[in-house]
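In: Just need the structure, nothing else, for what follows:
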Amino acid sequence: MSICGLRRSVMAVVIAAAALGVVRLARADAIEDFYRGRSISIVIGYGVGGGYDTYARLLGRHLGKHIPGNPSMVPQNMPGAGGLKATQYLYGVAPKDGTAIGTVARGQPLTPLLLGDKSFDPLRLTWIGSVTDEASLCLSWGTSRVKNWQDLLTKDVLFGGEGQGADPDMFATALNRIFGTRIKIITGYHSTRELTLGMERGEIEGVCGISASTLISQQPEWVARKTVNLLVQMAARKDERFSSVPLIGDLVQNDEQRKVIGLVIAGQAIARPFFAPPDVPEDRKTALRAAFDATMKDPEFRADAQRSNMDVNPMPGADMEAFLKNLYATPKDVVQKASAAIQIGR
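Out: Residues are numbered from 1 along each chain as shown. Below is the predicted model of the structure:
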């Protein structure tokens, strides 16, 4: 190539790079112009005071400053049907312009797969990120006859639930079907806070599905004073803060049980999920995901979480999307067995 030709090629590259920079700047300006002076609703599928509510309000205190235009964040509790009410609202009613996000039970994204719910398609939702993964605990009140895993297999016990598709209902039902535990469920509670109050009032003896982070942040004295009996960890990996409490995967008796219970507890990997409705414009989707990722690294956010003993081990939105696509490719025979294990009333 001649010197003249080389110069033309270099000039073309410089012009193209400059043009690309202008386009990116214009897009950033458009995002900033859109969000400036606006608010973003954070729809929370549970009542005030529970773990999902606490994580949503934690995120809401910091996310806005990482979104161009710095919109205000407005929490909106919408409890009902284990988070399904909020999911359906975000899927079919909420604005699709990037001004509404939400959080619901970690098991909700799996309900179309495992429970045949056709009211929403989780693969169409705009996944923004999950603040942390989680181990959930099955526990009983200190006065209950059920003190450990072996007691669950041999003694009747009354546990609380939140509705089909919520962890306390799915986990308790799965333990009954797969392992032969003797849990009876009273459902209809709207939050972890309501469930814990139910135990304190003697309405129920326990819960199978209280997040470890929620227990530590909201009821640390229960652990210190042994007010509750910790029975089993429902998670893919053990929370070593409760090293003496068995992991459900270590209690399975064959490979089939391992695969089925593995699918039932798969939502633990995206324990504090945040998403927006389908069809959010691509540039705003990118902005929301970038803001979430920046918030997870924000020292002020981290310090805020630490003050409240809240775990932070995030999964980006793109990884959540890939994770769910992989789950929905699970072999049909495993899906059918997991579905049969968690459906209430079958």
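
In: how is this protein carved up into domains?
Out: Listed by automatic domain parsing, the domain ranges of the chain are 42-132+274-337, 136-267.

In: Make a markdown table from those and add mean neighbour count, distance to Ala30 and mean pLDDT to it.
Out: (Glycine included, C-beta is placed from N, CA and C.) Listed next are these as a markdown table, based on neighbours: other CB atoms under 10 Å; distance: least, CB to CB, whole Å; pLDDT from 0 to 100:
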| stretch | mean neighbour count | distance to Ala30 | mean pLDDT |
| --- | --- | --- | --- |
| domain 42-132+274-337 | 19 | 7 | 96 |
| domain 136-267 | 20 | 35 | 95 |
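
In: looking at the ones you listed, which is closest to Gln343?
Out: Between Gln343 and the domains of the chain, the tightest spacing by CB to CB is seen for domain 42-132+274-337, at 6.3 Å.

In: want to throw the domains of the chain into a markdown table with distance to Asp29?
Out: Formatted as a markdown table, these follow (distance: least, CB to CB, whole Å):
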| stretch | distance to Asp29 |
| --- | --- |
| domain 42-132+274-337 | 8 |
| domain 136-267 | 38 |
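
In: Looking at those, spot the one closest to Asp33.
Out: Using CB to CB, the domains of the chain put domain 42-132+274-337 closest to Asp33, at 7.0 Å.

In: Would you work out how far apart the start and end of that closest one are?
Out: Using CA to CA, to the nearest Å, one end of domain 42-132+274-337 lies 35 Å from the other.

In: cool, and stretch 111-127?
Out: End-to-end distance for stretch 111-127, by CA to CA: 16 Å.

In: Contacts for it next, please.
Out: If you take CB atoms under 8 Å, 6 or more residues apart in numbering as the criterion, stretch 111-127 is touched by 84, 87-88, 90-92, 108-110, 164-165, 263-264, 273-280, 285, 288, 317-318, 320-321, 324-325, 327-328, 330, 335, 338-339, 342-343.

In: Equivalent analysis for stretch 168-183, please.
Out: Under CB under 8 Å, 6+ apart, the answer for stretch 168-183 is 82, 107, 136, 138, 152-164, 185, 187, 189, 195, 207-210, 232, 234, 251, 257, 260-261, 264-265, 338, 340-344.

In: And what about Phe301, helix, strand or coil?
Out: Under DSSP: H, G, I helix; E, B strand; the rest coil, Phe301 falls in the helix class.

In: thinking it is in contact with Gly64, fair?
Out: No: the criterion here is CB atoms under 8 Å, and Phe301 misses it with Gly64 at 11.5 Å.

In: coming back round to it: so which of the contacts of stretch 111-127 sit within strands?
Out: Residues of the contacts of stretch 111-127 located in strands (DSSP state E): Pro273, Phe274, Phe275, Ala276.

In: Including distance to Met170, could those residues go into CSV?
Out: Shown next, in CSV, are these (distance: CB to CB, whole Å):
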residue, distance to Met170
Pro273, 16
Phe274, 21
Phe275, 20
Ala276, 25
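
In: Okay, strands next: where are they in the stretch 1-150 of the chain?
Out: Per DSSP state E, counting those that start in this stretch, the stretch 1-150 of the chain carries strands over the ranges 39-44, 72-77, 100-103, 126-130, 136-141.

In: got TSV for those, with distance to Lys297 too?
Out: Output for these, formatted as TSV (distance: least, CB to CB, whole Å):
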stretch	distance to Lys297
strand 39-44	20
strand 72-77	18
strand 100-103	19
strand 126-130	12
strand 136-141	26
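
In: how close does the closest residue to Thr154 other than its chain neighbours sit to Ala266?
Out: Nearest residue to Thr154, sequence neighbours excluded (CB to CB, 6 or more residues apart in numbering): Arg182, at 7.3 Å. Arg182 sits 25 Å away from Ala266, going by CB to CB, to the nearest Å.

In: Equivalent analysis for Phe292, please.
Out: Distance from Phe292 to Ala266, by CB to CB: 21 Å.

In: What strand or helix carries Val223?
Out: In this structure, Val223 is located in helix 220-224 according to DSSP states H and E.

In: Report the inter-axis angle for the next helix-or-strand element following that helix versus strand 136-141.
Out: For helix 220-224, the following helix or strand on the C-terminal side (DSSP H and E) is strand 228-234. On the basis of axes from the mean of the first three to the mean of the last three CA atoms, to 10 degrees, strand 228-234 is oriented at 160 degrees to strand 136-141.

In: quick one on the thing from earlier: narrow the contacts of stretch 168-183 to those in helices?
Out: Leu152, Leu153, Thr154, Leu195, Gln257, Val260, Ile261, Val264, Ala338, Ala340, Ala341, Ile342 (DSSP state H).

In: what's the most distant pair in those residues?
Out: Leu195 and Gln257 (26.7 Å).

In: quick one, what contacts Met234?
Out: Contacts of Met234 by CB under 8 Å, 6+ apart are Ala135, Ser136, Leu137, Cys138, Asp167, Phe171, Cys208, Gly209, Ile248, Ile265, Gln268.
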